[in-house]
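# Fold the following, please.
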Amino acid sequence: MLYAVFMSATLPPIPAPQEPVGEPELLQLSAAEDEPCLRADAARNRAALLEAATRLIAEHGAAGVTMEAVAAAAKVGKGTVFRRFGDRTGLLMALLDHSAKKLQADFLGGPAPLGPGAPPLERLRAFGVAVLYRTHEQLDLQLAAQPEPTRRFGLPPTRALTMHVTVLLRQLVPDADCELLARMLMGYLDPALIHHLTKQCGMPMDRLEAGWVDLVARVTCTPQSR
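The predicted structure follows:
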């Protein structure tokens, strides 16, 4: 399976505040004006809060991540958590933002087939498989952090992933409405659908992986063999 070539999709470690940001520049989950350059102490404080939230998720699931619980785990006042993230959804989205940057770095500059260097068809297949398993392994957090329906498709990470799929489709089916097709393909990777298929319908992940490969083949009129 393609999944074998990818690292585990669990939340990556929170980088130290002084760690340099690698290239390429990655989109933020929140708008740029919501993430000003932080002083060193504020950056350390933010990293500590995210680390505390990550521990709580590992121990209790997303339901155990409350502003009060994170404040207690990080040994800060509850007001500090609210000032930094606004509310619980903002905190959960910040955790997903960190993970999304790792995924974006992988498909923009990581090894093939997810990153550059492979044909667009292989990259599109690899992209969907990576998102499928990342979403499945973070499903509790993904669902808890879902914004209201009218905002879901406009978030910067969603736009970045959709644009990547659009670019690959333009290389494969240049005469198609690739922008619309990309959104249809992204619908297959929606956390709520993955939850429904795996938890409520009992479908194994290898079936979803095969389904993605089949869908890509049908959309691009290419063979399924890898």
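
# What's the separation between L49 and L215?
Note on L49: its distance to L215, by C-beta to C-beta, to the nearest Å, is 39 Å. Where C-beta positions appear, they are placed from N, C-alpha and C, glycine not excepted.

# Looking at the two now, which is surrounded by more residues?
L49 (24 against 15; other C-beta atoms under 10 Å).

# Tell me the spacing between that one and R39.
On the measure of C-beta to C-beta, L49 and R39 end up 15 Å apart.

# cool, and P147?
Relative to R39, and taking C-beta to C-beta, P147 is found at 29 Å.

# Compare the two and say which one has the larger neighbour count.
Ranked by neighbour count (other C-beta under 10 Å), P147 and R39 place P147 first, with 14 against 10.

# Over to the more buried one. Which of the three states is it?
Put simply, P147 is coil when judged by DSSP: H, G, I helix; E, B strand; the rest coil.

# quick one: contacts for it?
Counting by C-beta atoms under 8 Å, 6 or more residues apart in numbering, P147 makes contact with 89, 93, 155.

# how deep is the last one tucked in, by neighbour count?
As a burial measure, the neighbour count of L155 was computed by other C-beta under 10 Å and equals 20.

# ok, L121 touching C221?
No - look at L121 against C221 with C-beta atoms under 8 Å: they stay out of range, at 10.6 Å.

# Which one's more surrounded, these two?
Between L121 and C221, L121 has the larger neighbour count (other C-beta under 10 Å), namely 18 against 9.

# ok, for the more buried one, nearest residue in space, not its chain neighbours?
Spatial nearest neighbour of L121, chain neighbours left out: T222 (5.6 Å); criterion: C-beta to C-beta, 6 or more residues apart in numbering.

# try V131
Distances taken as C-beta to C-beta, 6+ apart put L189 closest to V131, at 4.7 Å, once the chain neighbours are dropped.

# Verify the contact between that neighbour and A130 for me.
No - using C-beta under 8 Å, L189 makes no contact with A130, being 9.7 Å away.

# I'm done for today, thanks for sticking with me.
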